[in-house]
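Student: Mind folding the following:
(one chain, ligands or ions: 1)
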Amino acid sequence: MSRCLVIINPVSGGGRAAQYALELEWQLSNMFDHMEVKFTHGAGDATRFAVEASRDGFDAVFCMGGDGTINETVNGIAKGGGKAKFGFVPVGTVNDMSRALGIPLAPLDAIRSLANCEIRRVDIGRCNDQYFCNNIAAGVIPKVVEEVTPKEKQLLGPLAYFVKGGQALFTTKDYTFRIRTEDHDFTTRSPLVIALLTNVVSSFEKFMPIASVDDGYMRIIIFREYFIMDVLRILPLILRGSIYTSKYVTILKVKKAHIELLDDIELPTNMDGNKGPLMPVDMEVLPGFLQVYVPKSPHLHPLSETHTSAKATKKK
Ligand SMILES: Nc1ncnc2c1ncn2[C@@H]1O[C@H](COP(=O)(O)OP(=O)(O)OP(=O)(O)O)[C@@H](O)[C@H]1O
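Tutor: Next comes the predicted model:
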């Protein structure tokens, strides 16, 4: 008997999730013999629910929420042994994972796409004792982005992050990082360091066009120290998809990295849009760890090489 758990964050995306719950339940009832639905009440619930379901042998865990809920659910699947397959419906503000995986951004379309889906094996990353699907970022921008309020998100959508991030760029400062990877060990000053598994950051789908969710690598992106006027040059490069070849960043393509902060301050990281671990961080890619339901023939990045594996579990 196939079983799935559905985790719904009722506050994601300004509370939009509840209105799609019935549609999602109906869709999943066509795919699984048994389904349970759980609503989160606060931070940590999605992880706890997903751990319990994974350990209990559920075939799949779905969630409906933003990138924060996705991160929590994936943490639960990984901590619960990693066998349960993962599916999600994006109702957040930014929805980087939908963009990276070609899952429709409109919740109803994402739900309906489950009728014609397949399983794709996707890399995730381990960072200290947690897991991430998209990125870990350290610097001024991640710090202020965390301060975006639900009200601002509701009013401005992804623009809320953009406005806060923009403000941060004008007050930005550099930190001293020591970065160690398989091939490097150096100290550098930078306002922003990002460890990225996919092509997307903060809804910029062309941020790292050479990366894909299943290439087995993460990119460490180290922004160089810049003058305030450089901001006006950096933004068009990000929008055009050519920041990664510009003089403003150093990119390391790695499987493991250890990053520590040499300044005598506490610098929190941001992990998939949630508050992440404090520095130092020890990271590694877990290639193909997560089995994700994605639409058949998704809009893959043209440079992506692989995307398919087993068929989705269907009720017989
Ligand atoms: N019932 C709840 N009430 C308040 N917060 C909750 C509840 N359930 C979960 N949370 C917290 O909500 C946080 C944000 O969720 P999520 O990122 O999924 O949505 P979002 O903030 O709307 O989207 P985005 O990250 O794209 O802006 C999560 O970190 C989670 O811990």
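Student: From here on, just use CA atoms for contacts and neighbour counts.
Tutor: Will do.
Student: quick one: what helix or strand has F177 in it?
Tutor: strand 175-181 (DSSP states H and E).
Student: wait, what's in contact with E36?
Tutor: Taking CA atoms under 8 Å, 6 or more residues apart in numbering as the contact definition, E36 lies against C4, L5, V6.
Student: which among those residues end up buried?
Tutor: Neighbour counting by 16 or more other CA atoms under 10 Å classes C4, L5, V6 among those as buried.
Student: Double-check that the second one belongs to a helix.
Tutor: No. Residue assignment for L5, taken from DSSP: H, G, I helix; E, B strand; the rest coil, gives strand, which places it outside any helix.
Student: Wait, it touches E52, no?
Tutor: No. Using CA atoms under 8 Å, L5 is not in contact with E52, being 10.0 Å away.
Student: hey, what's in contact with both of those two?
Tutor: With CA under 8 Å, 6+ apart, L5 and E52 have no common neighbours.
Student: before we move on, the earlier item: so what touches the strand holding F177?
Tutor: With CA under 8 Å, 6+ apart as the criterion, strand 175-181 contacts 139, 185-191, 254-263.
Student: repeat that for 10 Å
Tutor: 138-140, 185-193, 220, 222, 225, 252-265, 267, 279-284 (CA atoms under 10 Å, 6 or more residues apart in numbering).
Student: Break down the stretch 1-150 of the chain into its strands, ranges please.
Tutor: Listed in chain order, the strands of the stretch 1-150 of the chain (DSSP state E, counting those that start in this stretch) span 3-8, 34-39, 60-65, 85-90, 117-127, 130-132, 135-139.
Student: Let's have those in JSON lines, adding mean pLDDT.
Tutor: Converted to JSON lines, those look like this (pLDDT from 0 to 100):
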{"stretch": "strand 3-8", "mean pLDDT": "98"}
{"stretch": "strand 34-39", "mean pLDDT": "97"}
{"stretch": "strand 60-65", "mean pLDDT": "97"}
{"stretch": "strand 85-90", "mean pLDDT": "98"}
{"stretch": "strand 117-127", "mean pLDDT": "97"}
{"stretch": "strand 130-132", "mean pLDDT": "98"}
{"stretch": "strand 135-139", "mean pLDDT": "92"}
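Student: Out of these, the one nearest S98 is which?
Tutor: Among the strands of the stretch 1-150 of the chain, the nearest to S98 by CA to CA is strand 85-90 (6.6 Å).
Student: and that closest one, does that touch the ligand?
Tutor: No. Shown here: strand 85-90 not in contact with the ligand (CA under 6 Å from any ligand atom), separated by at least 8.3 Å.
Student: can you state the direction angle for that strand and strand 60-65?
Tutor: 20 degrees (axes from the mean of the first three to the mean of the last three CA atoms, to 10 degrees).
Student: Determine the set of other helices and strands touching strand 85-90.
Tutor: Helices and strands touching strand 85-90, by 3 or more CA pairs under 10 Å, 6 or more residues apart in numbering; DSSP states H and E, are strand 3-8, strand 60-65, helix 67-79, helix 96-101, helix 107-113, strand 117-127, strand 281-295.
Student: among the ones you listed, which is nearest the ligand?
Tutor: Closest of these to the ligand is helix 67-79, at 3.2 Å (criterion: CA to the nearest ligand atom).
Student: about what we covered before: figure out which of the helices and strands packed on strand 85-90 is closest to K206.
Tutor: When these are compared by CA to CA, helix 96-101 sits nearest K206, at 10.1 Å.
Student: Could you give the average pLDDT over the closest one?
Tutor: Averaged across helix 96-101, the pLDDT comes to 95.
Student: repeat for stretch 255-271
Tutor: Here the average pLDDT along stretch 255-271 is 92.
Student: per-domain residue ranges of the chain.
Tutor: 3-122+289-295, 132-285 (automatic domain parsing).
Student: Any idea how far apart the tips of the last one sit?
Tutor: Right, domain 132-285. 9 Å (CA to CA, to the nearest Å).
Student: got it, and the shortest one?
Tutor: End-to-end distance for domain 3-122+289-295: 20 Å, by CA to CA.
Student: if we can go back for a sec, distance to the ligand added to the helices and strands packed on strand 85-90, as TSV?
Tutor: Formatted as TSV, the helices and strands packed on strand 85-90 follow (distance: least, CA to the nearest ligand atom, whole Å):
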stretch	distance to the ligand
strand 3-8	8
strand 60-65	4
helix 67-79	3
helix 96-101	8
helix 107-113	13
strand 117-127	17
strand 281-295	17
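Student: highest average neighbour count across the ones you listed?
Tutor: Mean neighbour count (mean count of other CA atoms under 10 Å) peaks for strand 60-65 among the helices and strands packed on strand 85-90, with a mean of 27.
Student: With only the CA atoms kept, save it in PDB.
Tutor: Extracted C-alpha coordinates of strand 60-65, given in PDB (Å, rounded to 0.1, in the frame of the first residue of the first chain):
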ATOM      1  CA  ALA A  60       6.500  10.200  -0.300                       C
ATOM      2  CA  VAL A  61       6.400  13.400   1.600                       C
ATOM      3  CA  PHE A  62       4.900  16.500  -0.100                       C
ATOM      4  CA  CYS A  63       4.800  20.000   1.200                       C
ATOM      5  CA  MET A  64       3.000  23.100   0.200                       C
ATOM      6  CA  GLY A  65       4.900  26.300   1.200                       C
END
